[in-house]
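Colleague: Test case, fold it:
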Amino acid sequence: MPFKTLDDMDLAGKVVLTRVDINVPVEDGRVTDTTRIDRIVPTVADLRAKGAKVVLLAHFGRPKGKVVPEMSLRQVVPALSRAFGTEVSFVDGNYGDAVAGLTVGDVLLFENLRFNPGEETDDAGFAKRLASVGDVYCNDAFSAAHRAHASTHALAKLLPACAGRSMEAELTALDAALGTPKPPVAAVVGGAKVSTKLDLLGNLVTKVQHLIIGGGMANTFLAAQGIDVAKSLCEHDLLDTAREIAAKAEAAGCTILLPRDVVVAGEFRTDPPTQVVKAEDVPAGQMILDAGPDSVAHIETVLDGCATLVWNGPLGAFEMTPFDAATVAAARHAAKLTKAGKLISVAGGGDTVAALNHAGVAGDFTYISTAGGAFLEWMEGKELPGVAALSAS
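Modeller: Coordinates of the predicted model:
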C-alpha cells in the first residue's frame with residue numbers, strides 16, 4: 001500500500017500534527033513502562049531536525065467523551081520530556097493560542113483527545129478544529145490505525161499526510177510478511193480458542209504455504225479429525241468450522257501443521273507430573289498443555305524451508321513451566337534462521353510479544369509489532385481506516 005513518509009514532506013517551519021500512541025501504564029502519576037514512548041522518539045527527533053513545530057495528538061484510557069482527571073495526559077509530560085531531551089509543553093483547551101506560541105523544534109502535547117466525544121465518533125467538526133491549527137498531519141500510531149477516529153481517519157483527509165518512522169517501519173514489515181512476501185511463507189497461530197481467530201485463520205490459509213496451529217485451538221482441529229483430546233480445552237461446537245478451514249487450506253495449497261505429539265498433565269498448574277504422548281493417544285483424564293518434541297522438530301524442518309514467517313500466539317501454555325518448551329524452542333529456531341539471513345520473521349500480539357521475550361529472542365526477529373488489535377485485524381485481511389486514510393492522502 002503506497003503512503004508518504006517524513007522524507008516526502010516539506011516540514012521546515014510547519015506545524016505537524018503527529019498522532020502517537022502514548023497510552024502507557026501509569027502508577028501514582030508516574031509512567032512505569034516507556035516502551036510506547038521510546039517508539040516515537042525517532043519520529044519526534046526527525047521532525048525537530050527538519051525544522052518542524054511538533055504537536056502530539058494522543059488518547060489515554062477510555063474516558064468515553066468526558067473529562068476524567070485521572071486520565072489526563074498531563075501526567076505523561078515528564079516522561080516525554082526525558083525521552084525527547086527537550087521540554088514538552090501541554091495544553092488542555094485553547095489549541096490556537098498554544099500553537100501560535102511555538103517556535104521551530106518545540107514540542108507541544110494536546111490533552112487526551114478522547115475527552116472530546118467527537119474523537120471516537122470520527123466527527124468531521126472535531127477533525128476540522130484540529131486541522132485548523134496544523135499544516136501537516138503525521139500518523140505514527142499503527143496501534144490505533146484500526147479505529148476510524150477523528151485523529152486517525154478524518155484528520156488525515158484534511159491536511160497533507162504522511163507516516164511517522166514507527167508507522168513506516170510497521171507497514172514495511174507487514175508488507176514483507178503478508179503483502180508481498182518472499183515465499184514460501186509460514187504462519188504460526190496459537191492461542192486458546194479457534195472462535196477468537198476465525199477470520200485470521202480463514203485469511204491466512206489463502207496467503208501462506210504452511211499454517212502451524214498451536215495452543216488450545218490445535219485441540220479443536222485435532223478433535224475435528226476424530227481424535228479424543230480427553231480433558232483438553234476444546235471448542236467441540238466448532239468442529240465443523242475447523243473442518244471447513246482445513247478444506248479451504250487444502251484447496252488453496254496450504255499445509256496445516258498440527259501437533260504430532262503433545263505434553264499432557266492431569267492438572268493445569270506449574271510443574272505438575274507430565275508425559276509426552278502421540279496426539280492420538282491422550283490418556284483419559286489428561287489435558288494437552290503443549291506441543292511435544294517431535295512436533296517442534298517438524299516445525300523447525302518446515303521453517304528451514306521457508307523464507308518468511310508471521311507469528312501470532314504461543315504453541316502451548318507458555319506462562320507455566322514446562323509448557324513453555326515448544327514455544328521457546330520454535331522461537332529460538334526462528335530467531336537463529338533470522339540472524340543467519342535465511343528468514344524474514346514478523347510477530348505481533350500481546351501473548352506473542354510476551355512469549356518471545358520469555359524465550360529471549362524478541363530482539364532477533366525481523367520485526368515485533370506491539371500493536372495488538374491493529375496487528376490482528378491486519379492479519380485477518382481487514383482494511384485499517386488509519387492506514388487507508390494515509391494511502392488515500
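Colleague: can I assume residue 176 is in contact with residue 308?
Modeller: Yes - counting by CB atoms under 8 Å, residue 176 does reach residue 308; the two are 7.1 Å apart. Yep, even glycine has a C-beta here, placed from its N, CA and C like the rest.
Colleague: Those two - which one has more neighbours?
Modeller: residue 308 (21 against 18; other CB atoms under 10 Å).
Colleague: I'd assumed residue 175 was in contact with that one.
Modeller: No - using CB under 8 Å, residue 308 is not in contact with residue 175, being 11.1 Å away.
Colleague: if we can go back for a sec, report the set of residues contacting both of residue 176 and residue 308.
Modeller: 182, 344, 346 (CB atoms under 8 Å, 6 or more residues apart in numbering).
Colleague: which one of those residues is nearest residue 145?
Modeller: Nearest to residue 145 among the shared contacts of residue 176 and residue 308, counting by CB to CB, is residue 346 at 16.0 Å.
Colleague: Next, the residue of the chain most remote from its centre: phi, psi?
Modeller: The C-alpha centroid of the chain is most remote from residue 284, which lies 37.8 Å away (CA atoms, centre = their mean). Main-chain torsions, residue 284, degrees, to the nearest 10: phi -60, psi 140.
Colleague: quick one, strands of the stretch 101-250 of the chain?
Modeller: 107-110, 136-139, 161-163, 185-189, 210-213 (DSSP state E, counting those that start in this stretch).
Colleague: strand partners of the second one, parallel vs antiparallel please.
Modeller: Read that as strand 136-139. Strand 136-139 has its sheet partners listed here by DSSP bridges as strand 15-19 (parallel), strand 161-163 (parallel).
Colleague: can you list the domain ranges for the protein.
Modeller: 6-165+385-392, 181-360 (automatic domain parsing).
Colleague: So what's the gap between the longest one and the chain middle?
Modeller: Yep, that's domain 181-360 we're talking about. Distance of domain 181-360 from its chain centroid, counting by CA atoms, centre = their mean, to the nearest Å, is 19 Å.
Colleague: Start and end of it, how far apart?
Modeller: Between the opening and closing residues of domain 181-360 there is a gap of 26 Å (CA to CA, to the nearest Å).
Colleague: Might one say that residue 127 is in contact with residue 155?
Modeller: Yes - using CB under 8 Å, residue 127 is in contact with residue 155, at 4.5 Å.
Colleague: When those two are compared, which one has more neighbours?
Modeller: For the pair residue 127 and residue 155, the greater number of neighbours falls to residue 155 (29 against 24), based on other CB under 10 Å.
Colleague: tell me the pLDDT at that one?
Modeller: Note for residue 155: predicted pLDDT of 97.
Colleague: For it, which residues are in contact?
Modeller: The contact partners of residue 155, taken as CB under 8 Å, 6+ apart, are 17, 19, 57, 127, 130, 131, 137.
Colleague: what do you get if the cut-off is 6 Å, keeping everything else the same?
Modeller: Contact analysis of residue 155 by CB atoms under 6 Å, 6 or more residues apart in numbering lists 127, 130, 131, 137.
Colleague: can you check residue 25 too?
Modeller: Taking CB under 6 Å, 6+ apart, one finds 32, 33 in contact with residue 25.
Colleague: now do residue 279
Modeller: Applying CB under 6 Å, 6+ apart, we find residue 279 in contact with 222, 259, 260, 262.
Colleague: Just give the number of residues close to the first one.
Modeller: Close neighbours of residue 222, defined as other CB under 10 Å, add up to 23.
Colleague: State the distance from it to residue 281.
Modeller: Distance, residue 222 to residue 281, using CB to CB, to the nearest Å: 11 Å.
Colleague: okay, and for the stretch 1-150 of the chain, where does confidence drop off?
Modeller: 1 (pLDDT under 70).
Colleague: And the helices in the stretch 1-150 of the chain, which stretches?
Modeller: Remark: helices assigned in the stretch 1-150 of the chain by DSSP state H, counting those that start in this stretch are 35-49, 77-84, 95-100, 117-120, 124-131.
Colleague: So which of these is nearest residue 217?
Modeller: helix 35-49 (27.8 Å).
Colleague: Can you mark which positions in that closest one are buried?
Modeller: Using 16 or more other CB atoms under 10 Å as the burial criterion, the residues of helix 35-49 that qualify are 36, 37, 39, 40, 41, 42, 43, 44, 45, 46, 47, 48.
Colleague: so can I have JSON lines of those residues showing distance to residue 168?
Modeller: Listed next are these as JSON lines, based on distance: CB to CB, whole Å:
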{"residue": "36", "distance to residue 168": "16"}
{"residue": "37", "distance to residue 168": "18"}
{"residue": "39", "distance to residue 168": "12"}
{"residue": "40", "distance to residue 168": "12"}
{"residue": "41", "distance to residue 168": "14"}
{"residue": "42", "distance to residue 168": "10"}
{"residue": "43", "distance to residue 168": "9"}
{"residue": "44", "distance to residue 168": "14"}
{"residue": "45", "distance to residue 168": "14"}
{"residue": "46", "distance to residue 168": "10"}
{"residue": "47", "distance to residue 168": "13"}
{"residue": "48", "distance to residue 168": "17"}
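Colleague: thinking again about what came up before, output the strands of the stretch 101-250 of the chain in a markdown table, with mean neighbour count appended to each entry.
Modeller: Converted to a markdown table, these look like this (neighbours: other CB atoms under 10 Å):
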| stretch | mean neighbour count |
| --- | --- |
| strand 107-110 | 22 |
| strand 136-139 | 28 |
| strand 161-163 | 24 |
| strand 185-189 | 25 |
| strand 210-213 | 25 |
